[in-house]
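Q: Quick one, fold the following:
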Amino acid sequence: MPEPGARRRIMVAVKRWHVEILIDAHEQATRAEARLRAGDRTHLVGIGGATCRPTDSNVPEIADELAAARALSELAHQLLDAVVQDIEAVTQQPANVAR
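A: Numbering: from 1, shown residues only. Model prediction:
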């Protein structure tokens, strides 16, 4: 039960964004792409990679995770850059979005 005086949030619409991660591994190198498709025209792709040194144990799952994490990190930075551009286009003022 909500606390007295608490505001109720009314959900107007649910938006669904899709992030697809593609992982491609060849010998000592793994490459991942994180692709964001939002409901509007937003389509961003972050790319990340991981390499194994000859002295490393061959554990493909670790390389996959690292490459995917790097791809998602790059995607997040691209999305923040897009937010800044959108704010500046609307406000005609420089925007500063904390990272």
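
Q: tell me which element the closest residue to Ala76 other than its chain neighbours falls in.
A: Nearest residue to Ala76, sequence neighbours excluded (CB to CB, 6 or more residues apart in numbering): Gly46, at 7.4 Å. For the C-beta atoms, the positions are set from N, CA and C on the backbone; glycine is no exception. Element membership for Gly46 (DSSP states H and E) is strand 43-51.

Q: Please work out how many residues are found near the residue nearest to Leu79 when sequence neighbours are not counted.
A: Take Leu79 and drop its neighbours on the chain: the residue closest to it by CB to CB, 6+ apart is Leu44, 6.2 Å away. For Leu44, the neighbour count with other CB atoms under 10 Å is 18.

Q: just the one 10 residues further on next, same as before
A: Residues lying near Pro54 (other CB under 10 Å) number 5.

Q: Just read off the phi/psi values of it.
A: Main-chain torsions, Pro54, degrees, to the nearest 10: phi -60, psi -30.

Q: now it: how far from Gln28?
A: In this view, Pro54 and Gln28 are 8 Å apart by CB to CB, to the nearest Å.

Q: for the record, mean pLDDT for the strand holding Gly46?
A: Strand 43-51 carries an average pLDDT of 96.

Q: What angle do strand 43-51 and the helix or strand just after it make with each other?
A: Remark: after strand 43-51, the chain's next helix or strand is helix 60-91, criterion DSSP H and E. Relative orientation of helix 60-91 versus strand 43-51 (axes from the mean of the first three to the mean of the last three CA atoms, to 10 degrees): 150 degrees.

Q: Thank you kindly, that will do.
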